[in-house]
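Novice: What follows is a predicted protein model with its sequence.
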Amino acid sequence: MVQTTGEDRPKRTEQHKERNTVRITRRKLLEVVGIGGLAAAIAYFGSSTILSYRGYQPSVTKTVTETRTETSTIQSPTTITVQYPRTLTVTETRTVIPGILEKILSEFIPLKILDAKVVDNNAYLQLESPYTKAKLEIEIPVEYVSRNNINIADIVSAVGKYNSDNKSNYSVYFILGIANINNSIKQDGKWKLDASKIYYNIIISDKDWNYVSDTFEILINKKASVLLPTLHEGPYSNSLWGWSNQPINNYKNVIIVYKDKQQIEEVINSIKLASYILRKPDDKNPSQHGILHTITVATIDKQGTYENRAAIVAVNKYMGTYIVFMQQKGNYLISDL
């Protein structure tokens, strides 16, 4: 017999028949993006437990029955050896993590945006779950996925065309925090998110979802720095001028010294894509417009200052360069990108 420990299973969701609308709990939406193991995991261990402790690992107690042969020696004038079988119960405790729960023990889900369109005041995003490749469509007010004259449909369309023209492989990700999605509603086959309460970031990257997920986990844990490079060459080999949202050595202007030309090339390609989306092809610093931030995520070594006007930072562990869409409304999952 296997006895599991954990929180009680969530109550059965309530269905509303009117207008083909279903009000759901976090469990149901997570079940859609991670069918099977994730739903079972939420049921067994409780969503609040998963949210409250990233490293939570449910224990399973297993009872094992085995037969052993023991030898006993009785001391007497004559030594007698007695052998007899004995059945005993051994209880062992081991840690079990269901397959999908292993990837979801964090505060977010990286969903790839396959398509996006804007109709009237709403945006409709077709998303793909990284765990099962299942598709789902969400509806969100357009102001939560737009800034100035750029909206999510423009971005997805531009990235697709850029990939086609340049034989690149960029994807747009909707990094959805799993907090506060309890009041999501499914209506006419679409999930309506309470946009004012959810937390999310929209990013562009040529990395796969695993890499993106790992990078965001590092950022949430504040174990890396965020730098915003430009295409202005720095005074050192493999260096670029840039800036930081958080002052370094009391300077926001920085000179970023990358490890090699491959890292520089990735930065150049990301900035070119951001400029292409903004229809400013010659812009060497598209981040300055506050719509698309091109960021390098890395651990850094501070190398001092340059001419009393910029900090010098050397990239230590490089985790990639990404484009972050700074939507005009809504709550950022990570705010200082």
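Specialist: Now that the structure is in, tell me what you want to look at.
Novice: measure the residue nearest to Y258 when sequence neighbours are not counted to I295 for me?
Specialist: The shortest distance from Y258 to any non-neighbouring residue, by Cβ to Cβ, 6 or more residues apart in numbering, is to N238 (4.6 Å). Placement of C-beta: from N, CA and C, glycine included. Distance, N238 to I295, by Cβ to Cβ, to the nearest Å: 18 Å.
Novice: the more surrounded of these two?
Specialist: Taking neighbours as other Cβ atoms under 10 Å, N238 and I295 compare with I295 leading, 25 against 17.
Novice: Enumerate every residue touching that one.
Specialist: Going by Cβ atoms under 8 Å, 6 or more residues apart in numbering, I295 touches V226, L227, L228, S287, T321, Y322, I323, V324, L337.
Novice: repeat for V118
Specialist: V118 is in contact with Y124, V142, N151, I152, A153, counting by Cβ under 8 Å, 6+ apart.
Novice: Those: which two are farthest apart?
Specialist: Among the contacts of V118, the pair separated by the greatest distance (Cβ to Cβ) is Y124 and N151, at 11.5 Å.
Novice: Which one's more surrounded, the two?
Specialist: Per other Cβ under 10 Å, whichever of Y124 and N151 has more neighbours is N151, with 22 against 17.
Novice: Contacts only, for S205.
Specialist: Neighbour list for S205: Y170, S171, Y173, Y211, V212, G320, Y322, I323 [criterion: Cβ under 8 Å, 6+ apart].
Novice: and with 7 Å instead?
Specialist: Residues counted as contacts of S205 (Cβ atoms under 7 Å, 6 or more residues apart in numbering) are Y170, S171, Y173, V212, G320, Y322.
Novice: My read is that the first one contacts N163, right?
Specialist: Yes. Assessed by Cβ atoms under 7 Å, Y170 is found in contact with N163 at 5.8 Å.
Novice: Looking at those two, which is more packed in?
Specialist: Between Y170 and N163, Y170 has the larger neighbour count (other Cβ under 10 Å), namely 18 against 15.
Novice: which ones among the contacts of S205 are found in strands?
Specialist: Here DSSP state E is the test, and the contacts of S205 give S171, Y173, G320, Y322 as lying in strands.
Novice: what's the closest of those residues to I138?
Specialist: Y173 (13.7 Å).
Novice: who's that closest one bridged to?
Specialist: Note on Y173: beta-bridge partners by DSSP bridges are K112, I203.
Novice: Please report the distance of it from I198.
Specialist: Separation of Y173 from I198 (Cβ to Cβ): 15 Å.
Novice: Counting neighbours, go ahead and name the busier of these two.
Specialist: Higher neighbour count among Y173 and I198: Y173, with 24 against 20, using other Cβ under 10 Å.
Novice: who's in contact with that one?
Specialist: P110, L111, K112, I113, I203, S205, V212.
Novice: Give me the distance between G320 and I175.
Specialist: Taken as Cβ to Cβ, the span from G320 to I175 is 14 Å.
Novice: Which one's more surrounded, those two?
Specialist: Higher neighbour count among G320 and I175: I175, with 22 against 19, using other Cβ under 10 Å.
Novice: Where in this protein is the helix or strand with the lowest mean pLDDT?
Specialist: Least confident helix or strand of the chain, by mean pLDDT, DSSP states H and E, is helix 47-52 with a mean of 34.
Novice: returning to what we had before: pretty sure the residue nearest to Y258 is touching V257, no?
Specialist: Yes. N238 is in contact with V257 according to Cβ under 7 Å; the separation is 6.3 Å.
Novice: ok, L273 - contacts?
Specialist: Going by Cβ under 7 Å, 6+ apart, L273 touches Y162, Y170, I204, I323.
Novice: For ChimeraX, write the selection for the buried entries among the residues you listed.
Specialist: Buried members of the contacts of L273, defined by 16 or more other Cβ atoms under 10 Å, are picked up in ChimeraX with:
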select :162,170,204,323
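Novice: For K302, state which of the contacts of L273 is nearest.
Specialist: K302 has its nearest neighbour among these in I323, at 25.7 Å by Cβ to Cβ.
Novice: can you give me the helices for the stretch 151-300 of the chain?
Specialist: Secondary structure of the stretch 151-300 of the chain (DSSP state H, counting those that start in this stretch): helices at 152-166, 209-220, 261-277.
Novice: which helices and strands sit right next to the first one?
Specialist: This means helix 152-166. strand 108-119, strand 122-128, strand 171-177, helix 261-277 (3 or more Cβ pairs under 7 Å, 6 or more residues apart in numbering; DSSP states H and E).
Novice: which of the ones you listed sits most buried?
Specialist: Of the helices and strands packed on helix 152-166, the one with the most neighbours on average (mean count of other Cβ atoms under 10 Å) is strand 171-177, at a mean of 22.
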